[in-house]
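In: No letters, just coordinates:
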């Protein structure tokens, strides 16, 4: 998807330089258009005001299906040239006349057609059409008079059928609806390159983001989808306003097209019906289109000198969003990988020749190389000067055509650095440098060590002037030594005196330099097979006929339009060729064993009917699989394997795989097929990373994270959530113990917040409290319990509601799960579970009373969770005789305050088959890493709903050593992480409330806590912190608690406990069962795996 100045090949044919009198300054169109979609016709009246600089005659171009007439009797109109699609007219004007009116009408209907057959990317387009499905008119439609390449301003009034809406640039100045028709006027006072007219029977959604009107035009009503885009639009516009300058238009609109497109026009974007529903679009292509209003549609591109805007937009959108997620280096590596994989000899070109992408190679150069140019410029100037230069470039060149030279001059002026040579090297030159290391040595000195190495430029021809980052890992040092070297020759002699022994030397470790990567710097990936100069598809001769035919169809589909892909069978080959990439098809392929041998460096295990890829098992009868490696005897070529027994999935694989180019392995399920696994192999044997010791060991230090150039303003306020947590975890509330006045005080606080958020009370007596009495506590007594319940009423109240819940009680001074030595101490419960309450309250606040979902949402703060889920059990009991029919789903927030750099876990994800897809989409949209865990560990209120047959999950940021301890305090909460949890919750709730059908629920195996919900069944502690996301055999630990038997025994993070005493611990329930049978002081023998090696230790358990 990209900023679209539409230039289609079938309209470029026959273009000519218009006659003398062509207008170069801007003209004004006052257009009145009547559209008849059923007959594909338009009728137009255009009053044109020409600039003073014109001389008669003036020439314009119009679509050949339209017949213009001049209304002014003194104006003479004559046709001077006709082509298949357009006609050129000359206008003779009397002296002093600058305004005249044209009337014209006719049919415009060019069917949608593919304009690229490259198997790595293809798309369809139309130069213009008027149809019952919708109207698409742009510059190449020639639906209004074109006077050369001059800029235009306009007022556009359109008569439309009833229920239709139009969209164009600028501001809508009027809208009126009459019987049978709609009339709208769009005005644009800033100079534009062309005029767009989009129309369809849209449903319109509107909000205000500061000074900017945000709009969504959808072809079907979908308030949840519109809400996502309107919220995202406000966030991105504010981020770029702060980074670059004020948004240049009065509105931004998402417009749904009636075929798959990805166009960015001034003040709106036109996206296809499938595209806008891909969850990742909001975090990838959509901000790219919004940013084009600054670069490309705000500051215009001088295409004759090269399109700089696509690369800059990619850098400040696609790259920036990855940088915000800590993945900037990975994104740059993938950018350089595309250049290495797709740009072969003869396909490279200077940036001065880039206009727009039409292939993977042109994208790798025009987008990727330009992106890296701006990244290198930022590294050289520093963030402050780089941002100031962006702001000046925008401020001084807004609505002006700007070339690379003017871009270079702006950055030079701000930084006060001569950048002419830098831009000349990267803009006017072709190719890329290639780097290498040789002769790296370490010498011991009296004080410190001397590191020497030779850094080389390996490409043929002249040297590049490069600023190359260097990273050196030192012995017993937690910080990486970093420096830069300035290369102006083909070789550079590196000499560094260091305070400690150097262990490893890395050159450009974060991919900051535009260069051609060595194949060992890149994971094996599909892009290397798709981008190969020559490739061979090898079909399995022993596969059943239906599979053979399906595989052949995939190969022929990829072969179409490409002469470099040949097709054969494994029976016709004695050996695989070494001069090309190879695609192996089928489980039955006789070269599969050779393929398996080429994967020995990776976490890959192959069985006859299954695979294990990096601990993920794929079964032949369930999955379609794709794996890429490199042959050991031919590492410059890719070796890929595709296998499926599902013939129905094959067309989808042919269509989808070119879009997964960066991945090393993939798993799919079903006939669609739907992606279920994707990953990249680790980089091994990189020539840019040299070990300086004979026996290398894991390095202690890591490169520090970099601050992103800008941050996306969050929808949710971390400070508000921290205020909620501080109140609930304050010592004055004494740990919110069951049956205490302090717990009642917390309930009142939550009820007040529900009221402030506009939630409707749903308690027993018209208030927010669901109240009952129970026998509980220590000493055991009759106490009053209160759930706090509020509602957001849905538009369809007959639909079963969605429940969002979190418990608000904690342990008070320890009961019922006090650890030895903590008796009588206040347990604040900041993470458990003031954090969950805070996130729930924040989402309710942000959505507010104006939000009306399709389904009702019940917001419930549960009591008594620590005493056996008393509050959630009571709530479910009062749902009626068939609770699974009265509640659609439940999301529980419990212990969500410690995200930091980890993954958000979704427990009990197997309770409905949709959960994995819901949260995968939420992860795409929010950028939050999410791990779905199939089983329910039974530790919180979702279990009460699961026991009643209601699909339910728990959001959880993971266990830690402060769990159920007095040290669970607010200062340890990850406040930034709370905003991420809230964003994920918002996406999940939006999906559930807009889904008309119930989830497909299924039973979930109960976990250890579910089987012993009293929390008092285990008397001893070991001190291990389980990894709940682990799906393999055994109990993997994510850490150990200090001063515990586990620490004394030497257990470490990622150890896998496989046996306690004589009992195998295949599951967490097995593990807990052994501990439950022990008493303090008992001996415990632990067998565990570390680095795939079995070890055994013995310790003594202690009282909890």
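Out: Nice, I can see it. Predicted model only: the values in this text are computed from it and were never measured.
In: what sits up against stretch 398-413?
Out: Stretch 398-413 is contacted from outside by 190-191, 248, 298-302, 304-306, 308, 351-352, 377, 381, 386, 389, 392-393, 396-397, 418-420, 422-423, 427, using C-beta atoms under 8 Å, 6 or more residues apart in numbering. (C-beta placed from N, C-alpha, C; glycine too.)
In: Return the residues in contact with residue 640.
Out: Counted by C-beta under 8 Å, 6+ apart, residue 640 has contacts 526, 529, 581-584, 626-629.
In: so how far is residue 359 from it?
Out: Distance from residue 640 to residue 359, counting by C-beta to C-beta, to the nearest Å: 21 Å.
In: With residue 974 instead?
Out: 44 Å.
In: before we move on, what about residue 705?
Out: According to C-beta to C-beta, residue 705 and residue 359 sit 35 Å apart.
In: out of these two, which sits in the more crowded spot?
Out: Taking other C-beta atoms under 10 Å, residue 705 and residue 359 do not tie; residue 359 has more neighbours (15 against 11).
In: Which strands or helices does the helix or strand encompassing residue 678 pack on?
Out: Assigned by DSSP states H and E, residue 678 belongs to strand 674-679. Applying 3 or more C-beta pairs under 8 Å, 6 or more residues apart in numbering; DSSP states H and E, one finds that strand 674-679 contacts strand 616-619, strand 665-669.
In: That strand to strand 665-669, inter-axis angle?
Out: If you take axes from the mean of the first three to the mean of the last three C-alpha atoms, to 10 degrees, strand 674-679 sits at 160 degrees to strand 665-669.
In: so how far is strand 674-679 off the chain centroid?
Out: 15 Å (C-alpha atoms, centre = their mean, to the nearest Å).
In: so what secondary structure elements neighbour the helix or strand following that strand?
Out: As assigned by DSSP H and E, the chain's next helix or strand after strand 674-679 is strand 689-691. Using 3+ C-beta pairs under 8 Å, 6+ apart, the elements in contact with strand 689-691 are strand 502-507.
In: what's next to the strand it packs on, contact-wise?
Out: Outside strand 502-507, the residues within contact range by C-beta under 8 Å, 6+ apart are 435, 437, 440, 442, 449, 451, 453, 455, 468-475, 481, 688-693, 696, 699.
In: my guess is residue 363 is in a strand, correct?
Out: No - under DSSP: H, G, I helix; E, B strand; the rest coil, residue 363 falls outside any strand and is assigned helix.
In: residues in contact with the closest residue to it other than its chain neighbours?
Out: Leaving aside its chain neighbours, residue 363 sits nearest to residue 357 (4.1 Å; criterion: C-beta to C-beta, 6 or more residues apart in numbering). Applying C-beta under 8 Å, 6+ apart, one finds that residue 357 lies in contact with 2, 310, 363, 366-367.
In: In a markdown table: those, plus neighbour count, distance to residue 725 and secondary structure.
Out: Putting the contacts of residue 357 into a markdown table (neighbours: other C-beta atoms under 10 Å; distance: C-beta to C-beta, whole Å; DSSP: H, G, I helix; E, B strand; the rest coil) gives the following:
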| residue | neighbour count | distance to residue 725 | secondary structure |
| --- | --- | --- | --- |
| 2 | 22 | 43 | strand |
| 310 | 25 | 44 | helix |
| 363 | 22 | 46 | helix |
| 366 | 25 | 48 | helix |
| 367 | 24 | 43 | helix |
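In: quick one: least confident of the residues you listed?
Out: pLDDT is lowest at residue 2 among the contacts of residue 357; the value there is 43.
In: Helices along the stretch 551-700 of the chain, start to end?
Out: Taking DSSP state H, counting those that start in this stretch to define them, one finds helices in the stretch 551-700 of the chain at 592-597, 650-656.
In: Deepest-packed of these, please.
Out: Mean neighbour count (mean count of other C-beta atoms under 10 Å) peaks for helix 650-656 among the helices of the stretch 551-700 of the chain, with a mean of 18.
In: What mean pLDDT does that helix get?
Out: 95.
In: And stretch 426-445, by the same measure?
Out: Here the average pLDDT along stretch 426-445 is 96.
In: now do the same end-to-end measure for that stretch.
Out: 41 Å (C-alpha to C-alpha, to the nearest Å).
In: cool, stretch 580-598 as well?
Out: End-to-end distance for stretch 580-598, by C-alpha to C-alpha: 16 Å.
In: Can you find the helix or strand of this protein with the lowest average pLDDT?
Out: helix 9-12 (a mean of 34; mean pLDDT, DSSP states H and E).
In: in its sheet, what does the helix or strand that it is followed by sit against?
Out: Reading on from helix 9-12 to the C-terminus, the next helix or strand found by DSSP H and E is strand 27-36. Strand 27-36 pairs in its sheet with strand 41-49 (antiparallel), strand 152-161 (parallel), by DSSP bridges.
In: Now the last one: buried residues?
Out: The one in question is strand 152-161. By 16 or more other C-beta atoms under 10 Å, the buried positions in strand 152-161 come out as 152-160.
In: Same question for the shortest one.
Out: Under the neighbour-count criterion of 16+ other C-beta under 10 Å, strand 41-49 has 41-42, 44-48 buried.
In: Need those residues in TSV (columns: pLDDT and distance to residue 839).
Out: Below are the buried residues of strand 41-49 laid out as TSV (pLDDT from 0 to 100; distance: C-beta to C-beta, whole Å):
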residue	pLDDT	distance to residue 839
41	98	55
42	98	52
44	98	54
45	98	57
46	98	55
47	98	57
48	97	57
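In: Nearest to residue 217, out of those residues: which one, please.
Out: Nearest to residue 217 among the buried residues of strand 41-49: residue 42, at 19.7 Å, using C-beta to C-beta.
In: which residues touch that closest one?
Out: Contacts for residue 42 (C-beta under 8 Å, 6+ apart) come out as 33-36, 66, 105-106, 108, 130, 143.
In: So which of those wins on neighbours?
Out: Of these, with other C-beta under 10 Å as the count, residue 143 tops at 27 neighbours.
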